[in-house]
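S.K.: For reference, the sequence and a predicted model appear below.
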Amino acid sequence: MAEVMERAPNWKLKIMAATHLLIWVAILSCIVLFSHCGEPDQTQHSGHAQQLTHSDTLSEVFIIDAPLVVNCSVPVCDGPLKEIYCIGPILTAAWQFGLQKSCPGSKIKGTPQSVLDNFKKLTYPINRTAFTTFCDENFDNVKYLESVTFEDWKDNPELIGKIPDLRRRKLALEVHRRWNALGKKFSSDVLTNPSQYPVTPVSNAFIVPGGEFDIYFYWDSYWCTDSTMLPGLLVSNMTATVRGMISNFANLVDTHGFIPNSGKLQLSFRSQPPLFTQMLYEYFIATGDTNFTRTILPSVEKELQFWESKRRFSVAKDGASYNVFQYRTASNCPRPENFLVDYWQGVNSTRKPEDVWSSTTSACESGWDFSSRWFDQNGTDAYSKKSIHTNSIVPVDLNTFMAWNYKAIAIMYKKLNETSKSDEYRQKFSDFSATLDKFFWDEKEGMWLDYDIEQTSPRRFFYPSNLFPLLVQKTTGDVIKRVGEYLEKNSVFTLPGGIPSTLPVNSTEQWDFPNVWAPTLHLFVMSLLSTRDAYLVQKAKETADRFTSNVYQGMFEPQKGSAAGIWEKYDARKADGSHGGGGEYPVQEGFGWTNGAVLHLIMMFDQPQQFGFARRLLFNLDTGKYFYSLGITEAPSKEAEAATMLGAFPNNFVICGLLFFCFCISILFVVVANYNLKRILERRRDRHDRSESDQMNRLLRELDSDDE
């Protein structure tokens, strides 16, 4: 071969050189591809949202010729501040001028009517300078919240000090120390002059999620209160703080009829998953405080009446009619917090704009804002927010929460010796539990599934919420077997960072793959524990372990170049503490419900005998023993992890094996080619040197001859 190459003309050598270069490109490509072996498909989620932004939907302008008219009839809030903060020309002008972050401000300087009158003095066309002057004269941007130090917070709770695993103890202590950093209360000026602020104030201090979410949120608060309260023993010993937060929500129910999504006025027409009953129930089980529980129970019942009267609908399925619950808000206008994006998505949708806007706020009420769970799964707008139709979907989780609430109220009234009330809610629970099975259980999938009214069919996709009925249902051995088979079939347990909100889909919404959210993972774990099945309890334990470890990594051992923190969401594909992405805002750190969920998971497995909920779930009624004792220190063996990866992604490993073989052949070819090419060049150089030497000798001989 070397001799053939040696005799090759220059053009052939050039071809060989080009081939040599291409081989190296191929090798580098193999290396890149091989580095991704064993990982789930990442092409469907970039980690960052590609959603419409303000600049995508309507460029900032300097002159507005006329007000933007939005054809909707029910704004997202009510009251005297409605036409300033929720709908109308002030809000739309602020978005058009790109001033929505600062105008309208956090406080009005006069009365609501005076602000509206002052705006009317501006005449169209309005320029940016004139509008900015109007904003400066009519609004202040002041802080309406103050930081607090909770009086019942202690530096080193006794139970946390007993956690045997040092890493978990360190994380639990970090979480505990964050409660004060996340503690807030409304300023005295807000409580004195509430009509000047776009908020729904409460009188007691509360814990906020963190980051941009610097005010109370409804369902976030469940994980804060639930984590500080452990039945039989208060981990953080913050009884007064939890009692104050529960009282806040009771007052909101009494004055507004329900608990709003958040303390912000713009979010006050929608609620969030109804977990107020569970907050009171956990407090009652933990403290035995019958007087406080008896005082709050009427507010709990009033909130459930709101859901029964405003969110319960008759839905036909398979020839029968069922009364089931939906997230279906009254508003049909764009959200003020994302006004122009919502506006253009509605206008550009194939659906009616009002339906898109209403389903958008309904998705916010679900807490899953946003997810392909609420979108079309096929067609021109598949996996796009333009196809959102939350109002036509009956969700498993909401209906489970309502059954869960009926059961909890029945237990509380029984403990209070109010037999008639207890019997009333026990009957509600019994009746609705039957509805859960009849309406949501899908025999083909062996799982409870959301139902799409438009398509008149179940939505056959994995969501952690599919399993939530396990929290309330008495499951048979056959059902438990089907649940396990469903989870294995969908490879749910194969991702190193936890249980994602969905499996891979063509979406970049934040409640889709690969994001892991603490609240759904926590309820998923509790659902598995409720079965008392050895296999599913083991999987619950492993899931909790992986997520806890992921949170630890992100806080104490973040990847190089990444900030340390406890995040609102994590990447299921990684076990290095990497946060998730996507959605309408940057990922937030803090973070209330992650703190609560991870503390709950640590205590539930590390101290099960002392933790009442774990005692109820982990106790084996047949053997009289716990499934697991203290600690979650063991990790899956490397052989088990390898088997898991091979089982989850067989195609990837076949491809990677072929790539590795090609890589080895390429290396061998390059080594041989390099060796032969080197020999060719050396021989040519020798011949060239000899030729030059011969020419020089001939020249010298000729010169000598001339001299002679």
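M.R.: Everything's here; your move.
S.K.: only C-alpha atoms for contact and neighbour calcs from this point on.
M.R.: Will do.
S.K.: Give me the pLDDT for the most centrally placed residue in the chain.
M.R.: The residue lying closest to the centre of the chain (CA atoms, centre = their mean) is Trp517, at 4.1 Å. pLDDT, Trp517: 98.
S.K.: Could you report the separation of the residue lying closest to it once chain neighbours are set aside from Phe313?
M.R.: Excluding the flanking residues, the one nearest Trp517 by CA to CA, 6 or more residues apart in numbering is Lys569, at 4.9 Å. Distance, Lys569 to Phe313, by CA to CA, to the nearest Å: 33 Å.
S.K.: More neighbours: which of these two?
M.R.: Comparing Lys569 with Phe313 by neighbour count (other CA atoms under 10 Å), the higher total belongs to Lys569, at 27 against 16.
S.K.: Backbone dihedrals for the more buried one, please?
M.R.: Dihedral pair for Lys569: phi -150, psi 150, per degrees, to the nearest 10.
S.K.: Could you pull up the residues touching it?
M.R.: Listed by CA atoms under 8 Å, 6 or more residues apart in numbering, the contact set of Lys569 reads Asn515, Val516, Trp517, Ala518, His579, Gly580, Gly581, Val587, Thr594.
S.K.: do Tyr222 as well
M.R.: Leu275, Phe276, Gln278, Met279, Trp593.
S.K.: Give me the pLDDT for it.
M.R.: pLDDT, Tyr222: 93.
S.K.: in which helix or strand would I find it?
M.R.: For Tyr222, the element it lies in under DSSP states H and E is helix 218-228.
S.K.: in the stretch 101-250 of the chain, which spans are helices?
M.R.: Assigned helices in the stretch 101-250 of the chain, in chain order: 112-120, 128-138, 158-161, 166-181, 188-192, 218-228, 239-256 (criterion: DSSP state H, counting those that start in this stretch).
S.K.: For the fourth one, buried residues please.
M.R.: Neighbour-count burial for helix 166-181 flags 167-177, 179-181 (criterion: 16 or more other CA atoms under 10 Å).
S.K.: what packs against that helix?
M.R.: Contact here means 3 or more CA pairs under 8 Å, 6 or more residues apart in numbering; DSSP states H and E; on that basis helix 166-181 packs against helix 158-161, helix 534-556, helix 592-606.
S.K.: Can you give me the buried ones in the first one?
M.R.: Going back to what we said before, that points to helix 158-161. Under 16+ other CA under 10 Å, the buried positions of helix 158-161 are Leu159, Ile160.
S.K.: Can you get me the centre-to-centre distance for the helix or strand hosting Ala410 and its chain?
M.R.: Using DSSP H and E, Ala410 sits in helix 396-415. In terms of CA atoms, centre = their mean, to the nearest Å, the centre of helix 396-415 is set 25 Å apart from its chain centre.
S.K.: now swap in stretch 82-93 and tell me
M.R.: In terms of CA atoms, centre = their mean, the centre of stretch 82-93 is set 30 Å apart from its chain centre.
S.K.: can you tell me the average pLDDT over that stretch?
M.R.: Mean pLDDT, computed over stretch 82-93, is 97.
S.K.: Give me the contact list for that stretch.
M.R.: So stretch 82-93 is in contact with 64, 67-68, 75-77, 100, 103-104, 112, 116, 119, 198, 265-266, 335-336, 339-340, going by CA under 8 Å, 6+ apart.
S.K.: hmm, 7 Å instead?
M.R.: Stretch 82-93 has contacts (CA atoms under 7 Å, 6 or more residues apart in numbering) with Pro67, Leu68, Pro75, Val76, Cys77, Pro104, Gln266, Pro336.
S.K.: Kindly state the pLDDT recorded for Ser236?
M.R.: According to the model, Ser236 scores 68 on pLDDT.
S.K.: Show the residue spans covered by the helices in the stretch 301-450 of the chain.
M.R.: Assigned by DSSP H, counting those that start in this stretch, the stretch 301-450 of the chain shows helices spanning 339-348, 353-366, 396-415, 419-440.
S.K.: which of these is buried the deepest?
M.R.: Most buried of those by mean neighbour count (mean count of other CA atoms under 10 Å) is helix 353-366; its value is a mean of 25.
S.K.: Could you list every helix and strand in contact with that one?
M.R.: Where contact means 3 or more CA pairs under 7 Å, 6 or more residues apart in numbering; DSSP states H and E, helix 353-366 is packed against helix 339-348.
S.K.: tell me the angle of the helix it packs on relative to helix 353-366?
M.R.: 130 degrees (axes from the mean of the first three to the mean of the last three CA atoms, to 10 degrees).
S.K.: centre of the chain versus helix 339-348, how much separation?
M.R.: Helix 339-348 has its C-alpha centroid displaced from the chain centroid by 23 Å (CA atoms, centre = their mean).
S.K.: on contacts alone, who are the packing partners of it?
M.R.: helix 54-57, helix 353-366.
S.K.: Minimum distance to Lys539: which of those has it?
M.R.: When those are compared by CA to CA, helix 353-366 sits nearest Lys539, at 26.7 Å.
S.K.: List the contacts of the closest one.
M.R.: Contact with helix 353-366 is made by 72, 261, 270-273, 327-329, 331-334, 342, 346-347, 369-370, 386, 388-391, as judged by CA under 7 Å, 6+ apart.
S.K.: Filter these down to the buried ones.
M.R.: For the contacts of helix 353-366, buried by 16+ other CA under 10 Å: 72, 261, 270-273, 327-329, 331-334, 342, 346-347, 369-370, 386, 388-391.
S.K.: For the stretch 201-350 of the chain, give me the ranges with low pLDDT.
M.R.: Flagging of the stretch 201-350 of the chain using pLDDT under 70 yields the residue ranges 226-236.
S.K.: coming back round to it: columns distance to Tyr222 and secondary structure on top of the contacts of Tyr222, output as a markdown table?
M.R.: What follows is the contacts of Tyr222, written out as a markdown table (distance: CA to CA, whole Å; DSSP: H, G, I helix; E, B strand; the rest coil):
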| residue | distance to Tyr222 | secondary structure |
| --- | --- | --- |
| Leu275 | 7 | coil |
| Phe276 | 7 | helix |
| Gln278 | 8 | helix |
| Met279 | 6 | helix |
| Trp593 | 8 | helix |
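S.K.: By neighbour count, which of those wins?
M.R.: Neighbour-wise, those (other CA under 10 Å) top out at Trp593, 28 neighbours.
S.K.: measure that one to Pro519 for me?
M.R.: Here Trp593 is placed at a distance of 7 Å from Pro519 (CA to CA).
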